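J.: I'd like to go over a predicted model; first the sequence, then the structure.
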Amino acid sequence: MRKLISSFIIFTAFIFTALPVFSGTVIIESWRNDDADAWNDKIIPAFNAKHPDIEVVFQATIPAQYSASISAKLEGGNAGDLITLIPFDASLKLFNRGWLASLNDLGGLENYPQVAKDAWSTDNQSDLFGVPMASVSHGFMYNKDIFKELGLSVPKTESEFFNVLEKIKSDGNYIPLAIGTADTWAISTMGFQNIGPNYWAGEKGRKGILTGDEKFTDDHYVSLFETLGKWSNYMADGYQAQTYPDSQNLFTLGDAAIYPTGSWEIFTFSQNADFEFSAFAPPTRDGQSNCYIDDHTDIGIGLNSKAKNPAEAKVFLEWLTGAEFAEIFANEVPGFFPLHSHSISVNDPVAKEFISWKDTCDTTIRNSYHIVGRGEPNLESVLYEVVSGVVNGTVTPAEAAERAEASLANWYEPHQ
Amino acid sequence: MKKKFPLHIIVFLFPACFIYSIFMIYPLIDTMRVSLYTQNLLGENMDDSSGVRAFIGLRNYYDLFFNDTWSWHFWNALKNNIYFFLLHISIQTPVGLLIAAFLSNKELKLKNTYRTLIFLPAMMSIVIVGYIFNLILSSLWGIPQTILGLVGLEDIVQPWLGLKGSALITVSLISIWQFVGIPMLLFYAALVSIPEEILDAAKVDGSSGYNTFWKIKFPLILPTIGLMCVLTYVGNFNAFDLIYAIKNIYAGPEFSTDLMGTFFYRTFFGYQHQLGNPTMGATVASTTFVIILVGVVFYLYAFQKRITRYQY
């Protein structure tokens, strides 16, 4: 018994003496398990080269559990100092509960465009609570070998795009478009949000929906649905039951020529595909001079309002806004692009292709997230439904437009 | 002398009653209570912190039944669920009975092997069943085109799980395939417990096998069939897992495989980008409970009470 007590005392003493050692540690909470190596081997050492006195720990949770676990941790007061944030409402909710600190006075925020900051600001932009970290872009990946075999060139305009699809179809050996409608989010995100910005002129159309100046029943939205409906002619047999992993497999096995997708696939595809692939930007509509691409704000990082080491955490955040971080992140996590305004050199050829579009095209974010992503039912979910319906041929483009508009009118004042 | 109240009855009943009340009755009643309140939605001011819920009476029920936003999904899920149940009752029960009748035949060899094989799917994890059938029926990697191709019928292959018209039937048939072993086992147990003397007497009287089954065996196992029907009813209206495993919570295409369970899940827990609405979820749950209750009460009073029981 005495032994037990004495060992207990020693243990407690050890804990108390050990505690101060950790006091300069900044803990980063994240759902990006996949990036742990990049953080531990590259990003944090690079930071420590400049600030050797601050210890940074990258702590990742399983993605599906992240939202639930992070609110529980914040509520319980035992969350890390820096919190990786998903864009818009879910994080705004954390801020409104007082769990995230305002970062208005943080240095280096001028390095980001306003559209990037929108994702982690209050509606009236009076408070910013997250530093934009990375975005994902949409585009089309294509199998270079198939393109070479069939003598195809990369399509720039929509009519060229459909010509290419028609040629692949008439050749008969390959599936022209690797996408299905069983996972409704996939066709909506990688179809509608992919080519959509060319139809609604990027930010102009997205803001138009927010202010109510544009309606989903406007002509350009209806013709967007019509174009998506045409895709079904070039999809695999039974695309109605084709899931997202099915589509990924079709492309990486070399059975399909073109894969409408997002930049986040670059990393896994470069490991799995044993052929050369590249990407092309969403084809512009015929006669359209400007091009628009979707560059969706996907990852941000905020400061826990009850952080144990707020000063150190802020030093880290300020370093995050600089070019050094942007460079490392872009190269270590290909397909996730830093949101900084300055240009960044990337080595991965496909990622480079994606990033190059930003020089010539105007960027926007998905039009169903900011503000209109609230309400019951929210716009995003309605789009999943109607887009897959249109591609399945069970909903007409006009009906789809009406249903999307009606769902907004149901709760969103500017559309009533 | 007045008999003393047997206190030990209370003592012995208490633990079970206590646990049942805490974990079953209280949540059930509280679910109904919560369904009478508003959900503090993430509205324009995003003020979700107060957690205040206002009492609104039956407003949630009105919205669920008549307000388009909710009612379309509700009636759709209810309609699908009834269809799902009717398919089960009209296929699973007769097939289970047929197999049980075959198995109870004394001359049948390898009886136990058949019984185990037919019951085997019921013991499999639903996630595995869902995954396997998604692969089997896939137009890309599936097997129907190969098998039907052998007899020149590959043209009739469709992405059955992906078409609005056939998805619900396909999912129902998968569920029936998986669980047909349960009615089979119950019916089999009932059939083999019929005393030999009765069947021998029938034989002596010159009754044919067909007549013996319909005139003697069937009436004797009718209570079991009734029980099976009500179990299927309860199970079907609580069904969720198979749809979740095969079609995910979106119950696609266009909610054609949506059941009360998946509808409840989406409402209560929310889904991608849609935050959950606990009070509306409670309304859906309470409605499902009432639907099941009505069915069970109907069975108890209209069917079980009137049924003739034979003592043997």
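T.: Looks like it arrived, so ask away. Residues are numbered from 1 along each chain as shown, chains lettered A, B, ... in the order given.
J.: C-alpha from now on. contacts and neighbour counts both.
T.: Fine.
J.: Run through the chain and note the low-pLDDT ranges.
T.: By default, I'm working from chain A. Applying pLDDT under 70 to chain A flags the ranges A:1-23, A:64-65.
J.: That was the other one, I meant chain B.
T.: Those would be B:1-2, B:39-53, B:272-273, B:275, B:308-312, if you go by pLDDT under 70 across chain B.
J.: quick one: the residue of it at minimum distance from chain A from residue B:247, how far?
T.: For chain B, the residue closest to chain A is residue B:162, as judged by C-alpha to the nearest C-alpha, at 4.0 Å. According to C-alpha to C-alpha, to the nearest Å, residue B:162 stands 9 Å off from residue B:247.
J.: Then residue A:409?
T.: According to C-alpha to C-alpha, residue A:409 stands 29 Å off from residue B:247.
J.: next one: residue A:80
T.: From residue A:80 to residue B:247 the distance is 37 Å (C-alpha to C-alpha).
J.: doesn't residue A:166 make contact with residue A:150?
T.: No - with contact defined as C-alpha atoms under 8 Å, residue A:150 does not reach residue A:166; the gap is 11.6 Å.
J.: about what we covered before: so what's the residue of chain B closest to chain A closest to, chain neighbours aside?
T.: In space, and not counting its chain neighbours, residue B:162 is closest to residue A:241: 4.0 Å by C-alpha to C-alpha, 6 or more residues apart in numbering or on different chains.
J.: so what's the one you found up against?
T.: In this structure, residue A:241 makes contact with A:180, A:181, A:182, B:138, B:139, B:159, B:160, B:161, B:162, B:163, judged by C-alpha atoms under 8 Å, 6 or more residues apart in numbering or on different chains.
J.: want to try a markdown table for those, with distance to residue A:99 and secondary structure as columns?
T.: Formatted as a markdown table, those follow (distance: C-alpha to C-alpha, whole Å; DSSP: H, G, I helix; E, B strand; the rest coil):
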| residue | distance to residue A:99 | secondary structure |
| --- | --- | --- |
| A:180 | 40 | coil |
| A:181 | 38 | coil |
| A:182 | 38 | coil |
| B:138 | 46 | coil |
| B:139 | 48 | coil |
| B:159 | 48 | coil |
| B:160 | 48 | helix |
| B:161 | 44 | helix |
| B:162 | 43 | helix |
| B:163 | 45 | coil |
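J.: Run through the strands of the stretch 1-150 of chain B in chain order.
T.: Taking DSSP state E, counting those that start in this stretch as the criterion, the stretch 1-150 of chain B carries no strands.
J.: quick one, helices of it?
T.: B:7-20, B:26-34, B:59-66, B:68-87, B:93-103, B:111-123, B:126-136, B:144-150 (DSSP state H, counting those that start in this stretch).
J.: Likewise for the stretch 151-300 of chain B?
T.: B:167-179, B:181-192, B:196-204, B:209-211, B:218-237, B:241-247, B:260-269, B:278-298.
J.: Include mean neighbour count and distance to residue A:368 when you put the ones you listed into TSV, please.
T.: Putting the helices of the stretch 151-300 of chain B into TSV (neighbours: other C-alpha atoms under 10 Å in any protein chain shown; distance: least, C-alpha to C-alpha, whole Å) gives the following:
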stretch	mean neighbour count	distance to residue A:368
helix B:167-179	21	29
helix B:181-192	21	47
helix B:196-204	12	70
helix B:209-211	11	65
helix B:218-237	19	34
helix B:241-247	21	24
helix B:260-269	22	19
helix B:278-298	19	24
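J.: any chance of those helices in JSON lines, with distance to residue A:128 too?
T.: Shown next, in JSON lines, are those (distance: least, C-alpha to C-alpha, whole Å):
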{"stretch": "helix B:167-179", "distance to residue A:128": "46"}
{"stretch": "helix B:181-192", "distance to residue A:128": "59"}
{"stretch": "helix B:196-204", "distance to residue A:128": "82"}
{"stretch": "helix B:209-211", "distance to residue A:128": "80"}
{"stretch": "helix B:218-237", "distance to residue A:128": "47"}
{"stretch": "helix B:241-247", "distance to residue A:128": "38"}
{"stretch": "helix B:260-269", "distance to residue A:128": "28"}
{"stretch": "helix B:278-298", "distance to residue A:128": "30"}
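J.: I'd like to know which of those helices is closest to residue B:54.
T.: For residue B:54, the closest of those is helix B:278-298, at 10.6 Å, according to C-alpha to C-alpha.
J.: Figure out how far that closest one is from the centre of its chain.
T.: With C-alpha atoms, centre = their mean, to the nearest Å as the basis, helix B:278-298 stands 14 Å off its chain's centre.
J.: got the contact list for it?
T.: Residues from elsewhere that reach helix B:278-298, judged by C-alpha under 8 Å, 6+ apart: B:31-32, B:34-39, B:60-61, B:64, B:230, B:233-234, B:237-238, B:260, B:264-265, B:267-269.
J.: angle of it against helix B:260-269?
T.: Relative orientation of helix B:278-298 versus helix B:260-269 (axes from the mean of the first three to the mean of the last three C-alpha atoms, to 10 degrees): 150 degrees.
J.: Just the strands from the stretch 301-416 of chain A, written as ranges.
T.: Assigned by DSSP E, counting those that start in this stretch, the strands in the stretch 301-416 of chain A fall at A:337-338, A:362-364.
J.: And for chain A?
T.: A:25-30, A:55-60, A:82-85, A:131-143, A:175-177, A:256-262, A:277-280, A:292-303, A:337-338, A:362-364 (DSSP state E).
J.: hey, which of these is tucked in deepest?
T.: strand A:337-338 (a mean of 28; mean count of other C-alpha atoms under 10 Å in any protein chain shown).
J.: Return the list of helices and strands in contact with that one.
T.: If contacts are counted by 3 or more C-alpha pairs under 8 Å, 6 or more residues apart in numbering or on different chains; DSSP states H and E, strand A:337-338 sits against strand A:131-143, helix A:323-332.
J.: between these, which one is nearest to chain B?
T.: Evaluated over those, closeness to chain B peaks at strand A:131-143, with 17.3 Å, by C-alpha to the nearest C-alpha.
J.: quick one: that closest one to helix A:323-332, angle?
T.: Here strand A:131-143 runs at an angle of 30 degrees relative to helix A:323-332 (the same axes, to 10 degrees).
J.: What residues does the stretch 51-200 of chain B have near chain A?
T.: Counting by C-alpha under 8 Å from any C-alpha of the partner chain, the stretch 51-200 of chain B comes close to chain A at B:69, B:138, B:139, B:140, B:158, B:159, B:160, B:161, B:162, B:163.
J.: give me that answer again for 7 Å
T.: B:138, B:139, B:158, B:159, B:161, B:162, B:163 (C-alpha under 7 Å from any C-alpha of the partner chain).
J.: got the residues you listed as a markdown table, with neighbour count columns?
T.: Shown next, in a markdown table, are these (neighbours: other C-alpha atoms under 10 Å in any protein chain shown):
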| residue | neighbour count |
| --- | --- |
| B:138 | 27 |
| B:139 | 24 |
| B:158 | 20 |
| B:159 | 20 |
| B:161 | 28 |
| B:162 | 29 |
| B:163 | 22 |
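J.: which ones are touching residue A:106?
T.: By C-alpha atoms under 7 Å, 6 or more residues apart in numbering or on different chains, residue A:106 lies in contact with residue A:318.
J.: and the helices of the stretch 1-150 of chain B as TSV, adding mean neighbour count?
T.: What follows is the helices of the stretch 1-150 of chain B, written out as TSV (neighbours: other C-alpha under 10 Å):
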stretch	mean neighbour count
helix B:7-20	11
helix B:26-34	15
helix B:59-66	17
helix B:68-87	18
helix B:93-103	19
helix B:111-123	14
helix B:126-136	16
helix B:144-150	15
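J.: Distance to residue A:253 for those helices - can I get that in CSV?
T.: Shown next, in CSV, are the helices of the stretch 1-150 of chain B (distance: least, C-alpha to C-alpha, whole Å):
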stretch, distance to residue A:253
helix B:7-20, 54
helix B:26-34, 50
helix B:59-66, 46
helix B:68-87, 37
helix B:93-103, 42
helix B:111-123, 32
helix B:126-136, 17
helix B:144-150, 20
